[in-house]
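> fold the following for me, if possible:
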Amino acid sequence: MIQIAPSILSADFTRLAEEVRAVESAGADRIHIDVMDGRFVPNISMGPFIVEAIDSLTDLPLEAHLMIEEPDRYIDVFMDAGADVIIVHQENTTHLHRVVQSVRERGKQAGVALNPATPAQVIDGIVDDLDLVLVMSVNPGFSGQRFIESVLPKIRRVRETISDRGIDCDLEVDGGVNADTAPAAVSAGVNVLVAATAVFKHPDGIAEGIRTLRE
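Okay, the predicted model is just below:
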């Protein structure tokens, strides 16, 4: 079962409540919230107040994708705000195992994200403790970028690791996901599609964007 996780980075923030309710009505499985600090990535976006606001609007699981420096300092803040899944980056999390354990000890799900140039094998020592692996198919920081096809072998490698170890772990892709690129990502082993522009900027509306991705 392929899950759709609309990223609100491309939502209309003047109508955020309507947009959140629209993706829920259209059958989204979870909501992806991109948190950026202008340091780890060249952009600044949402904080815990946005997570809290969205949590009050929907019963869908919320995943907070922390594209920030020193994410270990903020994981509790985002969990307190209502995030059900905390995703940190392997590239800037010094004590990755400690962060993952801290998240799971609170009954939340822990995920690790890999940038396009980061090899799949770096998570071999932590994958057994994860609920989710997120492979970035663009360099993080902005929506609307083009899907980097060279990440597909890495997705296959991560899927093989998950399958070989027999663990219950989602494999998610984020960046440039649309009706043209989703089939290749799914064929490579992804079971969760993060989509921003393809959902919120679809010319025929949010519901059609999600329906097209599912097809």
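> residues contacting stretch 111-118, please?
For stretch 111-118, the external contacting residues (CB atoms under 8 Å, 6 or more residues apart in numbering) are 63, 65, 67, 85-91, 93, 96, 100, 120, 122-123, 126, 130-140, 148, 150-151, 154, 170, 172, 174. For every residue, glycine as well, the C-beta is placed using N, CA and C.
> which members of these are positioned in helices?
Cross-referencing the contacts of stretch 111-118 against helices under DSSP state H gives L96, V100, K154.
> so where is the chain shaky, pLDDT-wise?
For the chain, no stretch has pLDDT under 70.
> show me where it has its strands.
Here the chain has its strands, by DSSP state E, at 3-6, 31-36, 62-67, 85-89, 109-114, 132-136, 170-174, 192-195.
> and of the ones you listed, who's closest to I75?
Of all the strands of the chain, it is strand 85-89 that lies closest to I75, at 5.3 Å by CB to CB.
> listing partners with orientation, what would you give for that closest one?
strand 62-67 (parallel), strand 109-114 (parallel) (DSSP bridges).
> thinking again about what came up before, of all the strands of the chain, which one comes closest to R211?
Proximity to R211 (CB to CB) singles out strand 3-6 among the strands of the chain, at 9.6 Å.
> partner strands of that closest one, with direction?
strand 192-195 (parallel).
> nearest to M46, out of the strands of the chain?
Nearest to M46 among the strands of the chain is strand 31-36; the distance by CB to CB comes to 5.7 Å.
> give me the contact list for that closest one.
Counting by CB under 8 Å, 6+ apart, 5-9, 20, 23, 43-47, 50-51, 54, 58, 60-68, 78, 83, 140-141, 143, 174, 194, 196 sit against strand 31-36.
> buried ones only from those, please, as a PyMOL command.
To isolate the buried members of the contacts of strand 31-36 in PyMOL, using 16 or more other CB atoms under 10 Å:
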select buried, resi 5+6+7+8+9+20+23+45+46+47+50+51+54+58+60+61+62+63+64+65+66+67+68+78+83+140+141+143+174+194+196
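> skip the chain neighbours and tell me the closest residue to R104.
A110 (5.3 Å; CB to CB, 6 or more residues apart in numbering).
> quick one: the one you found and V127 touch, right?
No - using CB atoms under 8 Å, A110 is not in contact with V127; the gap is 11.0 Å.
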